[in-house]
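Student: Return atomic coordinates for the entry below.
(one chain, ligands or ions: 1)
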Amino acid sequence: MMAPLAGDLSLIYGALSTAFGHQHWWPAKTPFETMVGAILTQNISWTNAARAVASLEDAGMLDPHLLAAADAGDIARLIVPSRFYNQKAERIRTFAGVYVGEFRADPAVMAAMETDALRERLLALRGLGKETVDTILLYACRKPVFVVDAYTRRIFSRYGLLPEGASYDRTQRLFADNLAPDVELFNDYHAQIVRLGKTVCKKSPLCDRCPVRVIHGSLRCAGAPE
Ligand code: SF4
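Tutor: Coordinates of the predicted model:
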């Protein structure tokens, strides 16, 4: 495995954004919608999560006060497209209660909390794991926290910058240690990774059409055929 060089990650991002264009994440009208979307998209595609978000909006329920006070069964009926809807309804209701009770339902109040303390507080909520919490921190609170998902692990282990089976924390450190803490960069870098993982670096990778297979002739993916 090659040692990760700070410049490599920047070059990879540059090649991805040139190939795919800016991804303009997160697709939401408000920070609270982003927070709810981050919970709804757990373990499912964004397409289905977006249908659940739209259903909440159509019912006039995309409101933290209403969700905090709602019956979990009523929320569950609105988010059926998101699968695991009973669990997610409880998670959304609990999260909304904390958002209202501790952060006055104000994203600026939440964002003003020190990043590590806020991360710990949200991780303490049942059903909110690191990927969900970091998504909320980056995309709703604009904290410079790199979001890691299965695509990130797959692509960067194939590339040779991570050991196979690297943990969430190990993967996150690769980016935190080698990139400036830049919210805009972290926002679009994660979105580019998802785009690459969905369309090119799939389980069976399409290396012949990969924009990062070789960059400037010297930076090469270790997982691609010669
Ligand atoms: S070259 Fe192939 S293995 Fe490497 S990142 Fe691209 S698609 Fe994935």
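Student: ok, then the element right after the lengthiest helix in the chain?
Tutor: In the chain, assigned by DSSP state H, the helix with the most residues is helix 85-103. Per DSSP states H and E, the first helix or strand lying C-terminal to helix 85-103 is helix 107-112.
Student: mind saving the C-alpha coords of that following helix as CSV?
Tutor: Coordinates of each C-alpha in helix 107-112 appear next as CSV, following Å, rounded to 0.1, in the frame of the first residue of the first chain:
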residue,chain,number,x,y,z
PRO,A,107,-29.6,25.0,13.1
ALA,A,108,-27.4,28.0,14.0
VAL,A,109,-27.6,27.0,17.7
MET,A,110,-26.7,23.4,16.9
ALA,A,111,-23.8,24.5,14.6
ALA,A,112,-22.5,26.8,17.4
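Student: Please list the residues outside it that contact it.
Tutor: Around helix 107-112, the neighbours that count as contacts under Cβ atoms under 8 Å, 6 or more residues apart in numbering are 30-32, 99, 103, 118, 140-143. In this view, the C-beta of every residue, glycine as well, is placed from N, C-alpha and C.
Student: phi, psi of the residue nearest to Thr115 when sequence neighbours are not counted?
Tutor: Excluding the flanking residues, the one nearest Thr115 by Cβ to Cβ, 6 or more residues apart in numbering is Lys143, at 4.9 Å. Backbone geometry at Lys143, expressed as degrees, to the nearest 10, gives phi -100, psi 140.
Student: Please parse this protein into its domains.
Tutor: 6-24+147-220, 31-140 (automatic domain parsing).
Student: Around the ligand, which positions in the protein sit nearby?
Tutor: Counting by Cβ under 6 Å from any ligand atom, the chain comes close to the ligand at 155, 158-159, 200-201, 205-207, 210, 212-213, 221, 223-224.
Student: Next, the contact list for the residue nearest in space to the middle of the chain, please.
Tutor: Centroid check for the chain by Cα atoms, centre = their mean gives Thr135 as the closest residue, at 4.2 Å. Taking Cβ under 8 Å, 6+ apart, we find Thr135 in contact with 26, 34, 38, 147.
Student: try it again with 7 Å
Tutor: Applying Cβ atoms under 7 Å, 6 or more residues apart in numbering, we find Thr135 in contact with 38, 147.
Student: Surely Val194 and Tyr151 touch.
Tutor: Yes: in this structure, Val194 is within contact of Tyr151 by Cβ atoms under 7 Å, at 5.6 Å.
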